[in-house]
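J.: Below is the sequence, then the predicted model.
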Amino acid sequence: MPEVLQISLAAARVNAKLTQEEVANKMKIGKRTIINWEKGTVTPSFANLKMLSDIYGIPVDNIFLPQEST
């Protein structure tokens, strides 16, 4: 199976030419939530991840979710 190129949430957002504030407004959530997802402190639900992939115009499989180190 070919390896899927993955892009971080922050890079996907920047690539889509959107600010954290703009994404938060589109999703009707707080900007802090976007920041936490991008830092890996909180993992978005699949529904939110799907919404992000639609906003950024990339498949869910191509989004890399950072994991907070313990």
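T.: Yes, it's here.
J.: Residue 33 and residue 39 touch, don't they?
T.: No - contact criterion Cβ atoms under 8 Å: residue 33 and residue 39 do not qualify, at 10.9 Å. Every C-beta, even on glycine, is put in place using the N, C-alpha and C of the backbone.
J.: More neighbours: which of the two?
T.: Taking neighbours as other Cβ atoms under 10 Å, residue 33 and residue 39 compare with residue 33 leading, 16 against 12.
J.: Mind pulling up the pLDDT for the most centrally placed residue in the chain?
T.: The centre of the chain sits closest to residue 9, judged by Cα atoms, centre = their mean, with a distance of 3.4 Å. Note for residue 9: predicted pLDDT of 93.
J.: Next up, the contacts around it.
T.: Neighbouring residues of residue 9 by Cβ atoms under 8 Å, 6 or more residues apart in numbering: 37, 38, 52, 63, 64, 65, 66.
J.: Pick the one among those closest to residue 28.
T.: Closest approach between the contacts of residue 9 and residue 28, by Cβ to Cβ: residue 52, at 13.1 Å.
J.: now the strands for this protein?
T.: Taking DSSP state E to define them, one finds strands in the chain at 7-8, 63-64.
J.: Just list what the last one packs against, helices and strands only.
T.: If I follow you right, that is strand 63-64. Packing contacts for strand 63-64, counted by 3 or more Cβ pairs under 8 Å, 6 or more residues apart in numbering; DSSP states H and E, involve strand 7-8, helix 9-15, helix 46-56.
J.: ok, 7 Å please
T.: Using 3 or more Cβ pairs under 7 Å, 6 or more residues apart in numbering; DSSP states H and E, the elements in contact with strand 63-64 are strand 7-8, helix 46-56.
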